[in-house]
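Visitor: quick one: sequence plus predicted model below, questions after.
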Amino acid sequence: GAGVSQTPSNKVTEKGKYVELRCDPISGHTALYWYRQSLGQGPEFLIYFQGTGAADDSGLPNDRFFAVRPEGSVSTLKIQRTERGDSAVYLCASSSSGRDKFFGPGTRLTVL
Amino acid sequence: SQQGEEDPQALSIQEGENATMNCSYKTSINNLQWYRQNSGRGLVHLILIRSNEREKHSGRLRVTLDTSKKSSSLLITASRAADTASYFCAYDRGSTLGRLYFGRGTQLTVWP
């Protein structure tokens, strides 16, 4: 079966632009997570969905970041007015039980 | 910060040697997990240890947890060049489904 997929794998944008990052979780997984990983650091939690609702969005750094999961499957992370400091690898994970979180390959975002 | 901290930051060994990585944290935890990451992309779950467990084994991996010292260690025995990767500890704080707090990772290099 397919794992977690993320698109695009790489995204280069200019400062001030809007970007959308997509995550396709493993089929049937109700929990979905977004993390951000800067170079040389561990992943940093952004938001967690249980079904369609955000169960914990306390990791979103500011109101430029927003995520949706309208049908409880695919999720989109949206970043408005991108800044150079937003450059990082954005990781998505999904889980059915919580014990095993399956991570996708990530989207490398570069803001010029 | 509630992130864990790994020690050492980098470890370089020869094939066949054992590799030990340590993780410390500052708060109460529910479960602690170890992940592996190749080339800064997707994370692979290795092993989970519950707060009421002291030691766990999985193949060549041995994980210990000392909640009194708020520390964990990951031992990889008889290392192989293919074990070269970054290793992260991550813990949750009360819900297995909830967010994970990651450390900064240990970069392991195994020379053939």
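Guide: Perfect, I can see it now.
Visitor: B:Gly94 touches B:Asn31, doesn't it?
Guide: No - if you go by C-beta atoms under 8 Å, B:Gly94 and B:Asn31 don't touch, sitting 9.7 Å apart. Where C-beta positions appear, they are placed from N, C-alpha and C, glycine not excepted.
Visitor: what segments of the chain are strands?
Guide: As the question left the chain open, I've gone with chain A. In chain A, the strands defined using DSSP state E lie at A:5-7, A:10-13, A:19-24, A:31-37, A:44-50, A:53-56, A:65-68, A:75-79, A:88-95, A:102-103, A:107-111.
Visitor: not what I meant, chain B
Guide: Going by DSSP E, chain B shows strands at B:5-7, B:10-14, B:19-24, B:31-37, B:43-50, B:55-58, B:61-66, B:71-76, B:85-92, B:101-102, B:106-111.
Visitor: same list (those strands) but as CSV, adding distance to A:Lys101 and mean pLDDT.
Guide: Below are these laid out as CSV (distance: least, C-beta to C-beta, whole Å; pLDDT from 0 to 100):
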stretch, distance to A:Lys101, mean pLDDT
strand B:5-7, 19, 83
strand B:10-14, 25, 96
strand B:19-24, 17, 96
strand B:31-37, 8, 94
strand B:43-50, 7, 93
strand B:55-58, 17, 96
strand B:61-66, 17, 97
strand B:71-76, 17, 97
strand B:85-92, 9, 94
strand B:101-102, 11, 94
strand B:106-111, 20, 96
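Visitor: out of these, flag the one nearest A:Gly51.
Guide: strand B:85-92 (19.2 Å; C-beta to C-beta).
Visitor: quick check: angle from that closest one to strand B:71-76?
Guide: 150 degrees (axes from the mean of the first three to the mean of the last three C-alpha atoms, to 10 degrees).
Visitor: how about the contacts made by A:Pro105?
Guide: A:Pro105 makes contacts with A:5-6, A:9, B:41-42, as judged by C-beta atoms under 8 Å, 6 or more residues apart in numbering or on different chains.
Visitor: tabulate those (TSV), appending distance to B:Ser79.
Guide: Below are those laid out as TSV (distance: C-beta to C-beta, whole Å):
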residue	distance to B:Ser79
A:Ser5	31
A:Gln6	30
A:Ser9	30
B:Arg41	21
B:Gly42	21
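Visitor: good, wrapping up.
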